[in-house]
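A.B. asks: here's my sequence, what's the structure:
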Amino acid sequence: MFGWVVIGCTALLVVEIVLIGLETRQSAFMWETYRTFEVLGAADWFALALAFAGLAYLAWFSRQALRGKILSAFMED
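C.D. replies: Residues are numbered from 1 along each chain as shown. This is a model prediction of the structure:
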């Protein structure tokens, strides 16, 4: 049952991160606008990729639990 909640929240987080990244912002120094993803450095992209990898693992693990391939610790006793 909690697998569906985790998968839903994971999808919501992915959508939120992508929407924030595609958001346009006004530069404080010039009258230019830019997308948030355009100013990310290598360390930021690495952290974002690590976060997406963690979310993908959570979704995969929840899918396996929903299919019954992984039993919860409470059911093993």
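A.B. asks: ranking helices and strands of this structure by mean pLDDT, which lands last?
C.D. replies: helix 73-76 (a mean of 68; mean pLDDT, DSSP states H and E).
A.B. asks: tell me how far the nearest residue in space to Thr24 that is not next to it in sequence lies from Trp60.
C.D. replies: In this structure, Thr24 finds its nearest non-sequential neighbour in Thr33, 4.8 Å apart by C-beta to C-beta, 6 or more residues apart in numbering. To be clear about C-beta, it is placed using only N, CA and C from the backbone, and glycine gets the same treatment. According to C-beta to C-beta, to the nearest Å, Thr33 and Trp60 sit 37 Å apart.
A.B. asks: Leu13 too?
C.D. replies: Distance from Leu13 to Trp60, by C-beta to C-beta: 15 Å.
A.B. asks: then Ile20?
C.D. replies: 24 Å.
A.B. asks: so which helix or strand takes in the residue most central in space within the chain?
C.D. replies: The centroid of the chain falls nearest to Val14 when counting by C-alpha atoms, centre = their mean (3.9 Å). Assigned by DSSP states H and E, Val14 falls within helix 2-22.
A.B. asks: give me the mean pLDDT for the helix or strand following that helix.
C.D. replies: Toward the C-terminus, helix 2-22 is succeeded by strand 24-26 as the next helix or strand (DSSP H and E). Averaging pLDDT along strand 24-26 yields 85.
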